[in-house]
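Enquirer: My questions concern the predicted model and sequence given below.
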Amino acid sequence: MSTLAVIVPALDEAASIGGALDALAAQTDTGFRLVVVDNGSTDDTVAVVRRFAAGAPFPVEVVTEHERGAGTAADTGFRHAIATGATMLARTDADCRPAPDWIATARAYLRGGAALVCGRSLPRRDEHPTWPERHVFPAAVRLAALYGRYRRAHRDPAYRTRFVLVHGHNLAMTAELYLACGGTAREPLEAGSEDVTLLNRARRHTDRIVRAEDLIVETSLRRLRAWGPRRTLLWHWDRRWRPTAPHEVHIR
């Protein structure tokens, strides 16, 4: 069994997950195992994954997590992978499209000594992003991350390395660090940024954290287009804006 596992949390992603699966099948390095965590889907998400699994170039497993939350589902997937032999972990999301060298790049960083690799996020080309969506919004995200580096909450002396921009849909890490730091926060999506929590937990345990601009995943613009730039930025900034109804956080 492969020592590298890819975790993909999924909730009602039947319309989108096929593209993510195809992107994983097109990897230059297919020496990994895929763990899809169904987070209580009511559509055909699981059926789409099982049809793909029949001809996939790598092993595919579906596990179930009924407690809602991307972080909760990811944690279930990570811990399942570790319990069944994975020593290296990577995560992306069901609406994302990893670059063809994503696995090869992640593996190279982890084998080279990195314990947590935080990759670069680009808008999905198949969603035909506008110029502001390609350039202005990503620049705003980077500025927010720069601000985050200097926030008092992110400068605790217990942290062993500086704060970096992290995306939950594009990261890789060792199983050893995942278990040591406590892993991803098990919380509803609207409760907080589970990727930042994971980063800060990891920063208390190691300085081998890398921001990798060549680890690339294309992500969907659906939240930005549904909410607009201001609300989306406030959402990512400690959930300073949230939809009034909890179910509205899941844009499909």
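Expert: Right, received. Where do you want to start? Keep in mind the model is a prediction, meaning the values are calculated, not measured.
Enquirer: Where does the prediction get shaky in the protein?
Expert: Residues of the chain meeting the criterion pLDDT under 70: 1-2, 252.
Enquirer: Run through the strands of it in chain order.
Expert: Shown for the chain, the strands assigned by DSSP state E span residues 4-10, 33-38, 60-64, 88-91, 97-98, 116-123, 171-174, 209-219.
Enquirer: Mean neighbour count and distance to residue 159 for those - can I get that in JSON lines?
Expert: Placement of C-beta: from N, CA and C, glycine included. Formatted as JSON lines, those follow (neighbours: other CB atoms under 10 Å; distance: least, CB to CB, whole Å):
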{"stretch": "strand 4-10", "mean neighbour count": "26", "distance to residue 159": "25"}
{"stretch": "strand 33-38", "mean neighbour count": "24", "distance to residue 159": "29"}
{"stretch": "strand 60-64", "mean neighbour count": "16", "distance to residue 159": "32"}
{"stretch": "strand 88-91", "mean neighbour count": "27", "distance to residue 159": "21"}
{"stretch": "strand 97-98", "mean neighbour count": "26", "distance to residue 159": "29"}
{"stretch": "strand 116-123", "mean neighbour count": "22", "distance to residue 159": "13"}
{"stretch": "strand 171-174", "mean neighbour count": "26", "distance to residue 159": "16"}
{"stretch": "strand 209-219", "mean neighbour count": "19", "distance to residue 159": "10"}
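Enquirer: Please convert the ones you listed to CSV, extending it with distance to residue 227.
Expert: Listed next are the strands of the chain as CSV, based on distance: least, CB to CB, whole Å:
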stretch, distance to residue 227
strand 4-10, 20
strand 33-38, 25
strand 60-64, 29
strand 88-91, 23
strand 97-98, 21
strand 116-123, 15
strand 171-174, 23
strand 209-219, 15
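Enquirer: quick one: which of those strands is nearest residue 149?
Expert: strand 209-219 (10.8 Å; CB to CB).
Enquirer: For that closest one, C-alpha coordinates in PDB please.
Expert: Extracted in PDB, the C-alpha atoms of strand 209-219 (Å, rounded to 0.1, in the frame of the first residue of the first chain):
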ATOM      1  CA  ILE A 209       7.300  24.500   7.200                       C
ATOM      2  CA  VAL A 210       7.600  25.600   3.600                       C
ATOM      3  CA  ARG A 211       5.600  28.000   1.400                       C
ATOM      4  CA  ALA A 212       5.900  26.300  -2.000                       C
ATOM      5  CA  GLU A 213       4.900  28.500  -5.000                       C
ATOM      6  CA  ASP A 214       5.500  25.500  -7.300                       C
ATOM      7  CA  LEU A 215       2.900  23.300  -5.500                       C
ATOM      8  CA  ILE A 216      -0.200  24.400  -7.500                       C
ATOM      9  CA  VAL A 217      -3.900  23.800  -7.200                       C
ATOM     10  CA  GLU A 218      -6.600  25.600  -9.200                       C
ATOM     11  CA  THR A 219      -9.600  26.300  -7.000                       C
END
